[in-house]
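1. From the sequence below, what's the structure:
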Amino acid sequence: MRCPFVCDEEETASTAAPARHMGETSEELWINAPDRVFVARGGVSQRVPVQLTDATVRDLVERMLHSTGRRVDLSQPFVDASLPDGSRLHVVIGGIAHRHWAVNIRKFVARYRSLDRLVELGSLAGEAAQMLREAMREGRSVLVSGATHAGKTTMLGALVAASPAAHRIVTVEETFELGVEAPDLVAMQGRQPSLEGTGEITLRRLVKEALRMRPDRLVVGEVRDAEALDLLLALNTGVPGAATIHANSAADALGRLAALPLLAGRNIDRGFVLHAVATSVDLVVHCERDASGFRRVVEIVAPTGRIAGELPEVRTVYRAGRRT
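-> Next up, the predicted model:
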């Protein structure tokens with residue numbers, strides 16, 4: 001099934017209109033209201049001249065969800081789903097969003113999913129790419145940090161692609177986004193609860209299941225909750241990992257990774273968590289997006305294994321120069 005924004009000839013002009021703007025260079029499309037449609041290209045958003053109706057937006061969403069096994073309605077007003085082309089769909093229905101449905105479709109461009117390609121684009125220096133390539137080959141654990149839309153998922157995909165062909169890779173995500181390919185790969189995604197509140201599959205459960213699959217590398221699409229504890233426990237047993245996390249700097253990323261496991265319960269010891277982060281993460285790659293929309297790796301740090309105050313101590317192993 002194609003994304004319904006790519007429409008057949010017999011469909012109405014209003015329904016087909018978004019397809020003209022969701023081209024190869026587009027990264028994301030979102031609908032705030034039937035007459036307020038935006039597209040992001042090269043990290044910069046712009047409004048596009050599209051006029052839809054509420055009924056058309058709802059019909060598009062239903063068609064996109066048809067093959068995903070997920071739904072959105074009054075009982076479940078939010079949905080995150082992977083579309084057949086690898087794009088990610090997020091929807092908030094009207095009533096939660098003011099008046100109109102809010103729809104986001106994020107594309108993930110496969111041609112950027114290699115370290116060499118990121119070097120060609122100027123997003124990563126050659127020496128930094130070689131350092132990361134060696135880290136993946138040697139089975140070191142790498143954390144990718146940055147703000148929203150900073151290129152974290154793209155960088156994580158490029159790192160996974162740099163893994164040796166003989167490595168068995170197991171990925172866990174809330175919705176499929178990485179889109180990586182490897183000779184020995186198992187990709188798993190979570191599941192929302194049913195109408196009865198049963199059947200939910202959390203990232204914590206997926207991480208635990210992944211460890212039973214003999215992974216040479218465990219990949220977590222994004223660490224944002226108590227699954228951080230299960231990831232740290234896995235890293236401390238010698239399983240190499242890779243993951244993304246929202247943070248303002250590489251050092252801040254380690255602090256956040258040390259704080260998230262506390263969400264797993266009140267009996268979690270912060271001292272143990274800090275030590276686990278300091279000794280199990282080998283590199284943190286921090287990505288940024290500037291005002292022009294350009295994304296790049298600005299620093300790479302390595303924890304020293306020691307604790308400085310309330311945070312793991314780090315040393316900078318790479319810092320990008322200023323753009324001219």
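2. Gln76 is in contact with Gly197, isn't it?
-> No: using C-beta atoms under 8 Å, Gln76 is not in contact with Gly197; the gap is 10.5 Å. Heads up, the C-betas are built off the backbone N, CA and C, glycines and all.
3. which of those two has more neighbours?
-> A direct count of neighbours by other C-beta atoms under 10 Å for Gln76 and Gly197 places Gln76 higher, at 14 against 7.
4. pLDDT wise, what is that one at?
-> Gln76 carries a pLDDT score of 83 in this model.
5. same question, the one 3 residues further on
-> In this prediction, Val79 carries a pLDDT score of 87.
6. Need the three-state assignment for it.
-> Put simply, Val79 is strand when judged by DSSP: H, G, I helix; E, B strand; the rest coil.
7. Wait, it touches Val91, no?
-> Yes: Val79 lies in contact with Val91 (C-beta under 8 Å); the separation is 4.9 Å.
8. Name the nearest residue to Glu181, sequence neighbours excluded.
-> Ala161 (7.6 Å; C-beta to C-beta, 6 or more residues apart in numbering).
9. these two touch, right, that neighbour and Val180?
-> Yes: under the criterion of C-beta under 8 Å, Ala161 makes contact with Val180 at 5.9 Å.
10. list residues touching both of the two?
-> Arg113 (C-beta atoms under 8 Å, 6 or more residues apart in numbering).
11. if I look at Leu121, how far off is Gly157?
-> According to C-beta to C-beta, to the nearest Å, Leu121 and Gly157 sit 14 Å apart.
12. To clarify, my last question referred to Arg315.
-> For Arg315, the distance to Gly157 (C-beta to C-beta) stands at 27 Å.
13. Who has more neighbours out of these two?
-> Gly157 (26 against 8).
14. Tell me where the model's unsure across the stretch 151-300 of the chain.
-> Counting by pLDDT under 70, the stretch 151-300 of the chain shows low-confidence ranges at 195.
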